[in-house]
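*Asks:* Structure for the following, please:
(chains A, B, C and D)
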Number of protein chains: 2
Amino acid sequence: MVATYKDIRRITGLSLATISKYYNGGNVLGPNRELIEKAAAELDYQVNNVARGLRSRRSMTVGVILDELASTFNTTIVSRIEERLREAGYGTIICDSRRDAESQADVMRFLVGKMVDGIVVIPVDDDTSFLAAARDRDVPVVAVDRLMPGTDSVVIDNRAAIASAVQLLVTAGHTAIGLLAGPDTTYTMRERRAGFRDAMQDRTGLLPRAELMTPEHVSVEGGCTGLRRLLRLSAPPTAVVCANYVLTLGATIALNELGQELRPALVGFDNLELARLIRPRPTLVTQPIESLATEAAELLLQRLSGGGPDDPVTITLDTTLMVGHESTYQLRP
Amino acid sequence: MVATYKDIRRITGLSLATISKYYNGGNVLGPNRELIEKAAAELDYQVNNVARGLRSRRSMTVGVILDELASTFNTTIVSRIEERLREAGYGTIICDSRRDAESQADVMRFLVGKMVDGIVVIPVDDDTSFLAAARDRDVPVVAVDRLMPGTDSVVIDNRAAIASAVQLLVTAGHTAIGLLAGPDTTYTMRERRAGFRDAMQDRTGLLPRAELMTPEHVSVEGGCTGLRRLLRLSAPPTAVVCANYVLTLGATIALNELGQELRPALVGFDNLELARLIRPRPTLVTQPIESLATEAAELLLQRLSGGGPDDPVTITLDTTLMVGHESTYQLRP
DNA sequence: CTCCTTTGGCGAAACGTTTCGAACCACTTT
DNA sequence: AAAGTGGTTCGAAACGTTTCGCCAAAGGAG
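*Replies:* Okay, here's the model as predicted:
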């Protein structure tokens, strides 16, 4: 049988109220403190968090909803968030929405039903209707890597990220640059595409041809076929920018099948493991993934303690361009 | 204000007991059913799982402890387990022990304190003392990918896995085969090394030279340096078996720096993404990762419902050898 | 020495469920 | 008509905490 306050009361003779006070950092006289500590050790007592949660209306758990679990980007985020929240006493319930909006809504209801105190989400797409379940129950939500109107969000400066890639390539002499990006259904992709267009116009004075930036399916396959399509154009680009990790992966695979002399310059996105595995060392736009996670965790913790501004907050972080081997960005003569 | 049974009672005139029965699948007369459903819809009622947990002594959450989160192997496992457990109504609290035994023990206490109903763990090493916290509170534990004496475990047939790699290489004519494996501190590594030794003896009649199987640090770096060390030996191996994913990754990186003609044959372990990215297509021992996860989930669910045999269960699954491009395993003339 | 304030402790009432035994009802059986 | 039966419903007591209002003792100011 697991010990309760009542057992401690039996041993110490103190009241439940005093014992509770002890476990919640209130003032308890020295001798009584020791009495409780001794009894607790003897009984191997541990606070029952479920009972505590019922009374205090906090479950001390938060939910994390991911569009997919099996991606380095996401696991890094989860790992950091979990670490920070556990420090603060919160358990992290994880849910994989498998890139499915309906499943995402299910999961949201599931978590709200589990009485989580807050939620971090990497949403599947721009549709915010699934947030209603949380809003109805006043559960704070922080979105990561997507800007959700009306919700706290932590994002990177997508336009600047792509612009830094474009700048490198234009400086190296490229003018015909292609973009591998997904459809405009997510905020992130919209921003990256817009950032590409704007940066091209800024740096070259011209808008890129539409055929150089048609949307791809966001997958390894999409990256492969997209790169091949670009290179089959009558006027193929001399350089390609990939707007996300899996597209970079796909493009790299497609590149491996080409002869050295045919390879376009390629600037990818976001994976650190990749950089170590691939020769020549790739040029990559890298996101501050850990910061993204810690900012999200801190923001959520602030909301959980009832703090923060009344209006939704958006935190924007900067990316870094990791310049790889020069063959990955130079224009061939 | 969030609705409770009392609100439903006010509207329907039924007793709390009947309402509870409705929500727990008991028999309730048709008209009363409808009454409750109508009231619940009106109130936007959702069961309070914390209160339910207090009374029924089940939190309907389980903990998952991982030695690290950022590995495809582990995330695949988590994703599947989470999916299956959520189907059964359980929330999955995830904890990353960061390969640190002390942190693993902390996390175990944390989860037990959170009143989880069960725990799945991929342990840091063979030390089982951290399990005490769970055992004291009668929380069932299932270990994945490690055999923990006295605990339900789901593992692969490590010896057979390595033996299949050795068989392929010996059949292709190799006799000097090296092994990249970690130190014998974990069950998994011990089994794989023993499996290697036994298979070599079976197939070649000789034990491999000790210098061909000295332990490496289990990391990408360890794989790199280990492969280089093997090739610098006065009698270098003509083929190398890697006993795990990160070692394979490291060895592959080191391989990339060698000229084609110097490359030894290489059989790696366990990653599917890898296979798509690397040319020539590598030969890999692949684990049934998804099955590992579903078996673990089913076993835990069985324990959660009080079922299963009295003694700890060990489930052993088989691996598959995915043969890649022939240059990855053939002996050069 | 009295009055007031501060401190620590106490009993009892929540929090929102589940569960147990008893009560009830409409039948069927004697 | 009384007794038995099977299926529903009910009231009340848990589950293990936190919290509210009150009280006693101790300390300080006048």
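
*Asks:* Skip the chain neighbours and tell me the closest residue to A:Ala235.
*Replies:* A:Ala176 (6.6 Å; CB to CB, 6 or more residues apart in numbering or on different chains). Using the backbone N, CA and C atoms, a C-beta is placed for each residue, glycine as well.

*Asks:* A:Pro236 is in contact with the one you found, correct?
*Replies:* Yes - using CB atoms under 8 Å, A:Ala176 is in contact with A:Pro236, at 7.4 Å.

*Asks:* Looking only at neighbour counts, state which of those two leads.
*Replies:* Using other CB atoms under 10 Å in any protein chain shown as the criterion, A:Ala176 and A:Pro236 rank with A:Ala176 on top: 19 against 15.

*Asks:* For that one, give me its contacts.
*Replies:* Going by CB atoms under 8 Å, 6 or more residues apart in numbering or on different chains, A:Ala176 touches A:Leu212, A:Ala235, A:Pro236, A:Pro237, A:Thr238, A:Ala239.

*Asks:* Quick one: mean pLDDT over the longest helix along chain A.
*Replies:* In chain A, assigned by DSSP state H, the helix with the most residues is helix A:187-204. Mean pLDDT, helix A:187-204: 94.

*Asks:* So for that helix, what gets flagged as buried?
*Replies:* A:187-193, A:195-197, A:199-200, A:203 (16 or more other CB atoms under 10 Å in any protein chain shown).

*Asks:* could you dump those residues to TSV with distance to A:Arg57?
*Replies:* Formatted as TSV, those follow (distance: CB to CB, whole Å):
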residue	distance to A:Arg57
A:Tyr187	34
A:Thr188	35
A:Met189	39
A:Arg190	39
A:Glu191	38
A:Arg192	41
A:Arg193	44
A:Gly195	44
A:Phe196	48
A:Arg197	49
A:Ala199	49
A:Met200	53
A:Arg203	55
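
*Asks:* And those residues, which is closest to DNA strand D?
*Replies:* If you rank the buried residues of helix A:187-204 by distance to DNA strand D using CB to the nearest atom of the strand, A:Tyr187 comes first, at 38.8 Å.

*Asks:* circling back to that earlier point, show me what the longest helix of chain A is packed against.
*Replies:* On a contact count with 3 or more CB pairs under 8 Å, 6 or more residues apart in numbering or on different chains; DSSP states H and E, helix A:187-204 meets helix A:158-171, strand A:177-180.

*Asks:* And the shortest one, what does it pack against?
*Replies:* Right, strand A:177-180. Using 3+ CB pairs under 8 Å, 6+ apart, strand A:177-180 sits against helix A:158-171, helix A:187-204, helix A:220-232, strand A:239-242, helix A:245-256.

*Asks:* still on that earlier bit, next, the angle from the longest helix of chain A to helix A:158-171.
*Replies:* Per axes from the mean of the first three to the mean of the last three CA atoms, to 10 degrees, the angle that helix A:187-204 makes with helix A:158-171 is 30 degrees.

*Asks:* Give me the contacts around helix A:187-204.
*Replies:* Defining contact as CB under 8 Å, 6+ apart, one finds that helix A:187-204 is touched by A:126, A:145-148, A:155, A:158-163, A:166-167, A:170, A:175, A:177, A:179, A:181-184, A:206-208, A:213, A:215, A:218, A:241, A:243-244.

*Asks:* The same query, at a cut-off of 6 Å, please.
*Replies:* The contact list for helix A:187-204 (CB atoms under 6 Å, 6 or more residues apart in numbering or on different chains) reads A:126, A:146-147, A:158-159, A:162-163, A:166, A:170, A:175, A:179, A:181-182, A:184, A:207-208, A:243.

*Asks:* How about stretch A:215-227?
*Replies:* Contacts of stretch A:215-227 (CB under 6 Å, 6+ apart): A:Leu180, A:Gly182, A:Pro183, A:Val246, A:Leu247, A:Leu249, A:Gly250, A:Ala251, A:Ile253, A:Ala254.

*Asks:* just stretch A:15-27 next, same as before
*Replies:* Everything outside stretch A:15-27 that qualifies as a contact, by CB under 6 Å, 6+ apart, is A:Tyr5, A:Ile8, A:Val28, A:Ile36, A:Val47.

*Asks:* do that again at 7 Å, thanks
*Replies:* A:Tyr5, A:Ile8, A:Arg9, A:Val28, A:Asn32, A:Arg33, A:Ile36, A:Val47 (CB atoms under 7 Å, 6 or more residues apart in numbering or on different chains).

*Asks:* Kindly report the same for stretch A:44-57.
*Replies:* With CB under 7 Å, 6+ apart, stretch A:44-57 has contacts from A:3-4, A:8, A:23, A:59-60, B:50-51, B:53-54, B:59, B:113-115, B:136.

*Asks:* just those that are near DNA strand D?
*Replies:* A:Thr4, A:Tyr23, B:Ala51, B:Leu54 (CB under 7 Å from any atom of the strand).

*Asks:* any chance of those in JSON lines, with distance to DNA strand C too?
*Replies:* Output for those, formatted as JSON lines (distance: CB to the nearest atom of the strand, whole Å):
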{"residue": "A:Thr4", "distance to DNA strand C": "12"}
{"residue": "A:Tyr23", "distance to DNA strand C": "12"}
{"residue": "B:Ala51", "distance to DNA strand C": "3"}
{"residue": "B:Leu54", "distance to DNA strand C": "4"}
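
*Asks:* circling back: now, of the contacts of stretch A:15-27, which are buried?
*Replies:* Here, 16+ other CB under 10 Å leaves A:Tyr5, A:Ile8, A:Arg9, A:Val28, A:Asn32, A:Ile36 buried among these.

*Asks:* Which secondary structure state is assigned to the closest residue in space to the fifth one that isn't next to it in sequence?
*Replies:* Distance criterion CB to CB, 6+ apart; nearest residue to A:Asn32, sequence neighbours excluded, is A:Leu14 at 6.0 Å. Following DSSP: H, G, I helix; E, B strand; the rest coil, we place A:Leu14 in the coil state.
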